[in-house]
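A.B. asks: one predicted model, sequence on top.
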Amino acid sequence: MATNKQRVASLTQSDFVTELPVTDQLKIIVSLQDRSEHDPYVTMSPAATPGEVHVIINALHPYYQSLEACAAEECIHQYIYDAVAEYRAHQLSAKIVPDTVRRLKDALLKVPIHQNENANFDVHFQNKQALYEDNPTK
């Protein structure tokens, strides 16, 4: 069985799916590769360049093969969240306990919800300001 670094080294341009700049310090590179059905469903490996993480999905894994298109897309999103959470866990200087990655992923999954809440608050605040500004003064 190949090591994670060997899997990254074996990637070709046709395996490339997307590149996601998560932050200024982190970029996720997603690839879909035809590997053996006996290989792991996903491989996550740091790249040679600091701040880059490869997520290599095994397109021949029975689980991935069983997914419909919309489910496969959600599956890829989950792999990306996992990669970011694992990367962040490796950056921690504190002791890592078994649920560290799970907690980090939980926080990442809540980001869109918080963004929507903040956007809703901004709209409400702007509407309230407009309401008072539009009233003529007597």
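C.D. replies: Arrived safely, thanks for sending.
A.B. asks: and the strands in this structure, which stretches?
C.D. replies: Secondary structure of the chain (DSSP state E): strands located at 16-23, 26-33, 42-46, 52-58.
A.B. asks: parallel or antiparallel, which strands does the last one pair with?
C.D. replies: Yep, that's strand 52-58 we're talking about. Looking at strand 52-58 with DSSP bridges, its partner strands are strand 26-33 (parallel), strand 42-46 (antiparallel).
A.B. asks: if we can go back for a sec, let me know which of the strands of the chain is tucked in deepest.
C.D. replies: strand 52-58 (a mean of 22; mean count of other Cβ atoms under 10 Å). Using the backbone N, CA and C atoms, a C-beta is placed for each residue, glycine as well.
A.B. asks: R102 is nearest to which of the strands of the chain?
C.D. replies: strand 42-46 (15.1 Å; Cβ to Cβ).
A.B. asks: what about the most centrally placed residue in the chain, distance to D99?
C.D. replies: In the chain, the residue lying closest to the centroid (Cα atoms, centre = their mean) is I80, at 2.8 Å. Distance, I80 to D99, by Cβ to Cβ, to the nearest Å: 20 Å.
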